[in-house]
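Asks: kindly generate the corresponding structure for this input.
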Amino acid sequence: MLRLAGLPNSPRRAVTLQFASGRCVIPSHSWIGPGRFDDRIDSFSPLVRAIAEQAADLTPRARFATAGLEVGEAFLWTMGLLGIGAAVLLVASISAGAAALGVALSARLVFVLILMLAVMPWLKGRTAALDPRAISRVLLP
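Replies: Residues are numbered from 1 along each chain as shown. Predicted coordinates:
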């Protein structure tokens, strides 16, 4: 899989090549110092275009996409923390002698957790398919 990341107006881009044994990230810039980057987009663009074309020729089943926000992963982390919070709230309230209050508050948190679980099938990342032979100038100058 080849995934191209970067904002349209930003000079900093990166391409991620995913293989069966791992992945390789190639950035379009190098770090000079705090807040300063050496922009190498002029040599990065032809390199990525050549890699994409060669990958398309050599591996017809390869996937090409633009990187996007992975909403599902952040949502799962939020659900996990919410579940842990509900459990801790229930245990703390029971140990403090306020079991009824703890059950009532934990039930509300678990209800929100169930609603979040119901929304999960509709969450999709913002990754879009990418034609390796015609990468737009907006994505890669």
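Asks: so for Arg49, what's the pLDDT?
Replies: Taken from the predicted model, the pLDDT recorded for Arg49 is 81.
Asks: SS state for it?
Replies: Following DSSP: H, G, I helix; E, B strand; the rest coil, Arg49 is assigned to helix.
Asks: show me the domain layout of this structure.
Replies: As assigned by automatic domain parsing, the chain contains the domains 2-68, 71-122.
Asks: could you dump these into JSON lines and include mean neighbour count?
Replies: Using the backbone N, CA and C atoms, a C-beta is placed for each residue, glycine as well. Shown next, in JSON lines, are the domains of the chain (neighbours: other Cβ atoms under 10 Å):
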{"stretch": "domain 2-68", "mean neighbour count": "13"}
{"stretch": "domain 71-122", "mean neighbour count": "13"}
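Asks: worst mean pLDDT among those?
Replies: Sorting the domains of the chain by mean pLDDT places domain 2-68 lowest, at a mean of 72.
Asks: where is the longest helix in this structure?
Replies: As far as residue count goes, and with DSSP state H defining each element, the longest helix of the chain is helix 71-95.
Asks: that one - contacts with which helices or strands?
Replies: For helix 71-95, the elements it packs on are helix 99-119, judged by 3 or more Cβ pairs under 8 Å, 6 or more residues apart in numbering; DSSP states H and E.
Asks: quick one, the helix it packs on and helix 71-95 angle?
Replies: For the pair helix 99-119 and helix 71-95, the angle between their directions (axes from the mean of the first three to the mean of the last three Cα atoms, to 10 degrees) equals 170 degrees.
Asks: outside of helix 99-119 itself, which residues are in contact with it?
Replies: Counting contacts by Cβ atoms under 8 Å, 6 or more residues apart in numbering, the residues outside helix 99-119 that touch it are 75, 78-79, 82-83, 85-87, 89-94, 96.
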